[in-house]
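*Asks:* Here's a sequence, model it:
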Amino acid sequence: MLTGSHRFPRQDLVTYGRPAAQALKEIAAQAGLKRLMIVTNRSLANSLARQLAAELGELCVGVAAGVGAHSPRESVMAGAEAARRLRADVLVALGGGSVIDATKVMQLALWAGLGRPEELDRYRAARSTPDRIDTARIPPGVRVIAVPTTLSAAEFTPFAGVTDTARRTKEGYTHPLLAPRAVILDAAMTRHTPDALWFSTGLKAIDHAVEQLCNPLRAPYADALAADGLKRLASGLAACKADPADLDARQACQFGMWLAISGAGAGRGLGASHAIGHTLGGSHGVSHGITSCVILPAVLAWNASADTGQQALVAELMGAPGRPAAEAVRDLARALGLPTDLKAIGIGPDTFQAIAEHTMHDSGVRANPRPITGPQDIVEILQLAAG
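*Replies:* Numbering: from 1, shown residues only. Below you'll find the predicted structure:
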């Protein structure tokens, strides 16, 4: 397994190939941090979180284990309150995208002194009312160190999605320093991640790469990262399926995920697969990895008439030269035991119009290679994904 570290603009440090506890102790010593609070979900509370807390010893002042799926506002506020009570000087986000996104917004709640879920309203990225607060003007304080256990890539971005459970919508939050100050990629911490979660978040990482590569605006830097990331992910996920204990394959997937998301800041935006996925996640509770398994093949098929050759590149990078890109993605998802149509996840045609109308508000619609002119285009994509 490779070992080392890498510095890049969004984080102070990305470290890999070392045990997470060792890396955390070194980072804490270098930064003068003495009170680490682990943030996680209930499924990891009595396994990885307990193990990590024990290895950290007196450095760990507590574990906040209540983060729910899709990062509910209530989880954010409960975690922020625990951090205040424990006087934590850094939050350690241990888990997948929901845990990491929730912990990123906990920072915002701590910096701004927020205590109730509804107080987040004025800080939403998409809010355009006069009372909206510019989060960039909030002085930062307690930061996050991320120890991811999935391939969601939430740890590499300066924005987060949190669910308003009352409105059943996923809302975005951002700040220049919202991304964790350090990311620890320890493949061993992923060994107990359920296969369905590991593989589906791997398909989400593939979605990041594919929608960048197919974007009509070319950006060579982002293309190179996405292409290398896609190739590593496709081969790494297949290797993990063959041998779940293969830590080199798991680290290859982590590197692929890191590469695939790193070009997303090139300003081109992601497309309709992500846009529809946001709606299915916030309004229907479908995990974002599963949305990619189901929606990305349909989006690729719908976009095929506007393709300029990038879909052939996608198929080649996935080890399926000459095949339609939609089939390459769908075949991989099936080989990994994942659902590939809406019927399999309980989404029926009676919901398509509402999903389409909601999705039209997502910025991903405007970055799609084939122009989306209205809700009916989204309905066509959903019909292709229906099963």
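
*Asks:* going forward, measure contacts between C-alpha atoms and count neighbours the same way
*Replies:* Noted.

*Asks:* where does the stretch 101-250 of the chain have low pLDDT?
*Replies:* Applying pLDDT under 70 to the stretch 101-250 of the chain picks out residues 127-128.

*Asks:* ranges for the strands of it?
*Replies:* 143-148, 159-164, 169-174, 182-185 (DSSP state E, counting those that start in this stretch).

*Asks:* Which stretch among those strands is buried most, on average?
*Replies:* strand 143-148 (a mean of 27; mean count of other Cα atoms under 10 Å).

*Asks:* ok, now how distant is Gln254 from Ile184?
*Replies:* Per Cα to Cα, to the nearest Å, Gln254 is found 11 Å from Ile184.

*Asks:* Could you do Thr291 as well?
*Replies:* 26 Å.

*Asks:* before we move on, the earlier item: just tell me which of the strands of the stretch 101-250 of the chain ends up closest to Ala272.
*Replies:* Among the strands of the stretch 101-250 of the chain, the nearest to Ala272 by Cα to Cα is strand 169-174 (16.2 Å).

*Asks:* what angle do that closest one and strand 159-164 make?
*Replies:* Here the directions of strand 169-174 and strand 159-164 differ by 150 degrees (axes from the mean of the first three to the mean of the last three Cα atoms, to 10 degrees).

*Asks:* Just give me how far strand 169-174 sits from the chain centre.
*Replies:* 13 Å (Cα atoms, centre = their mean, to the nearest Å).

*Asks:* ok, it: who's next to it in the sheet?
*Replies:* strand 159-164 (antiparallel) (DSSP bridges).

*Asks:* can you list contacts of the strand it pairs with?
*Replies:* 70-73, 101-102, 104-105, 154, 169-175, 178-179, 282 (Cα atoms under 8 Å, 6 or more residues apart in numbering).

*Asks:* same thing but at 10 Å, please
*Replies:* Outside strand 159-164, the residues that touch it by Cα atoms under 10 Å, 6 or more residues apart in numbering are 68-76, 97-98, 100-105, 117-118, 120-121, 124-125, 154, 169-179, 278, 281-283, 285.

*Asks:* For ChimeraX, write the selection for the buried entries among these.
*Replies:* Remark: buried members of the contacts of strand 159-164, expressed as a ChimeraX selection using 16 or more other Cα atoms under 10 Å:
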select :68,69,70,71,72,73,74,75,76,97,98,100,101,102,103,104,105,117,120,124,125,154,169,170,171,172,173,174,175,177,178,179,278,281,282,283,285
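
*Asks:* Mind checking which of the contacts of strand 159-164 are in helices?
*Replies:* Of those, the ones assigned to helices by DSSP state H are 73-76, 97-98, 100-105, 278, 281-283.

*Asks:* closest to Pro321 among the residues you listed?
*Replies:* Closest approach to Pro321 among these (Cα to Cα): His278, at 30.2 Å.

*Asks:* where does that closest one land on pLDDT?
*Replies:* Here the pLDDT value assigned to His278 is 89.

*Asks:* who's in contact with it?
*Replies:* 161, 169-171, 272, 284-288, 291, 358-359, 362, 364.

*Asks:* Counting by contacts, list what the longest helix along the chain packs against.
*Replies:* For the chain, the helix with the greatest residue count under DSSP H is helix 220-242. When contacts are defined as 3 or more Cα pairs under 10 Å, 6 or more residues apart in numbering; DSSP states H and E, helix 220-242 packs onto helix 195-213, helix 247-262, helix 310-317, helix 325-335.

*Asks:* Check these for me and report the most buried one.
*Replies:* By mean neighbour count, with neighbours taken as mean count of other Cα under 10 Å, helix 195-213 ranks first of those at a mean of 27.

*Asks:* Report the angle between that one and helix 220-242.
*Replies:* Per the same axes, to 10 degrees, the angle that helix 195-213 makes with helix 220-242 is 160 degrees.

*Asks:* what touches both of Gln254 and Ile184?
*Replies:* In contact with both Gln254 and Ile184: Tyr16, Pro148, using Cα under 10 Å, 6+ apart.

*Asks:* Pro180: how many residues sit nearby?
*Replies:* When neighbours are counted by other Cα atoms under 10 Å, Pro180 registers 28.

*Asks:* if you skip the residues just before and after it, what's nearest to it?
*Replies:* Leaving aside its chain neighbours, Pro180 sits nearest to Val144 (4.6 Å; criterion: Cα to Cα, 6 or more residues apart in numbering).

*Asks:* thinking that neighbour is in contact with Val90, fair?
*Replies:* Yes: Val144 lies in contact with Val90 (Cα atoms under 10 Å); the separation is 5.8 Å.
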